[in-house]
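need a 3D model of the sequence below.
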Amino acid sequence: MERWWHYLTPGPAQLATGLACLGVGLQRGRLPVVGPRVLDHWVAVVVGAGRGWYALPGGRRLPVAAPAVLWLRPGVPHHYGPDADGWAESFVDFTGEGTAGYAELGLLPEAEVVPLDSAEAAQRVTARIAAICRRGGPTAVAEASAAVHELLVELHRHRADLGPEGAPVMELLRRNACLPLSVAEHARRAGLGVEELRRAVRAQGAAGPKEYLLTVRLNEAKHLLAASELPVSTVARRVGYQDPAYFTRLFTRRVGVAPTVFRQREFRGGAVPAEAGRADPEQG
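Residues are numbered from 1 along each chain as shown. Presented below is the predicted three-dimensional model:
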């Protein structure tokens, strides 16, 4: 049996960044059963080899087969362990207000056991966190915490329970984002109902179709404002808003400054550079 772990104690400044690493561990072999217990923070337990179980409240056991990740949530009892032959796992403890945003995006799922198509990417990130902790130094907590963001993304990217149909849906939304279409019309173009579209978008790591479409539109609007001298009214129409005043209010609320102020700060001058895949509001 091999076991190594290291704990970190982030200070107020690191906690204020929204996400902080609390510890990391690498273990393999016939490991002891964990729990039942309750923690006050999140833990991602990545099972890279072997089999085991996870006990739900009430005693029913879910099978765990590598590669998979166990999500231990704050305030929720957990109880798990490997089968008799043992398993190989890595774990990362983390906390912070930023976890609420990741949960909203679906990167911190409600499921206790999530199958992966591969654990290699997550293991590489965890090994890097372990190397940071072994090295130590004044920036260790910041470096380890930065890697937690990457870990959450990699674990979502390699979920085996998400079908491949989600990516084409997101690409269709991206291409048509600047068309003046409602979410219901986008759903019909994708051959889905509104609720089906919402589930597909959330499964891909976005808060929802409306939020994703808005993000694509605002990104395009920023590009046009910074790289061209097009009037704000034209920029508004280019990104799908027929009412320039509404576009200005929306842009100001989400970006923090009005479109004209953003242009004054960010203008690069010259013609709008070509960009592959840019939405064309004239196509539909």
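
for stretch 217-232, give the mean pLDDT please.
For stretch 217-232, mean pLDDT is 93.

same check, this time on stretch 22-41
The pLDDT scores in stretch 22-41 average 96.

any chance you could map the helices in the stretch 101-250 of the chain?
Along the stretch 101-250 of the chain, the stretches classed as helices by DSSP state H, counting those that start in this stretch are 120-135, 140-157, 166-176, 183-189, 194-203, 209-227, 232-238, 244-255.

please save the CA atoms from the last one in PDB.
What that stands for is helix 244-255. Listed next in PDB are the C-alpha coordinates belonging to helix 244-255 (Å, rounded to 0.1, in the frame of the first residue of the first chain):
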ATOM      1  CA  PRO A 244     -29.600  49.900 -30.000                       C
ATOM      2  CA  ALA A 245     -30.900  51.300 -26.800                       C
ATOM      3  CA  TYR A 246     -31.700  47.900 -25.400                       C
ATOM      4  CA  PHE A 247     -28.300  46.600 -26.600                       C
ATOM      5  CA  THR A 248     -26.500  49.500 -24.800                       C
ATOM      6  CA  ARG A 249     -28.400  48.900 -21.500                       C
ATOM      7  CA  LEU A 250     -27.600  45.100 -21.700                       C
ATOM      8  CA  PHE A 251     -24.000  45.700 -22.600                       C
ATOM      9  CA  THR A 252     -23.500  48.200 -19.800                       C
ATOM     10  CA  ARG A 253     -25.100  46.000 -17.200                       C
ATOM     11  CA  ARG A 254     -23.000  42.900 -18.100                       C
ATOM     12  CA  VAL A 255     -19.700  44.500 -19.100                       C
END
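
centroid residue for this protein?
Centroid check for the chain by Cα atoms, centre = their mean gives residue 107 as the closest residue, at 4.4 Å.

ok, the longest strand along the chain: who's next to it in the sheet?
In the chain, with assignment by DSSP state E, the single longest strand is strand 78-95. Strand 78-95 pairs in its sheet with strand 20-29 (antiparallel), strand 34-37 (antiparallel), strand 42-55 (antiparallel), by DSSP bridges.

make a markdown table from those strands and add distance to residue 200 to it.
C-beta here means a position set from N, CA and C on the backbone, and glycine is covered the same way. Formatted as a markdown table, the strands paired with strand 78-95 follow (distance: least, Cβ to Cβ, whole Å):
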| stretch | distance to residue 200 |
| --- | --- |
| strand 20-29 | 31 |
| strand 34-37 | 34 |
| strand 42-55 | 24 |
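
of all those strands, which one comes closest to residue 256?
With distances scored as Cβ to Cβ, the stretch of these nearest to residue 256 is strand 20-29 (25.6 Å).

returning to that earlier point: to residue 187, which of the strands paired with strand 78-95 lies closest?
Comparison of these against residue 187 by Cβ to Cβ identifies strand 42-55 as nearest, at 32.6 Å.

got a list of contacts for whichever helix or strand comes after that closest one?
Remark: after strand 42-55, the chain's next helix or strand is strand 61-65, criterion DSSP states H and E. Under the contact criterion Cβ atoms under 8 Å, 6 or more residues apart in numbering, strand 61-65 has outside partners 47, 51-56, 70, 80, 87, 112-113, 115.
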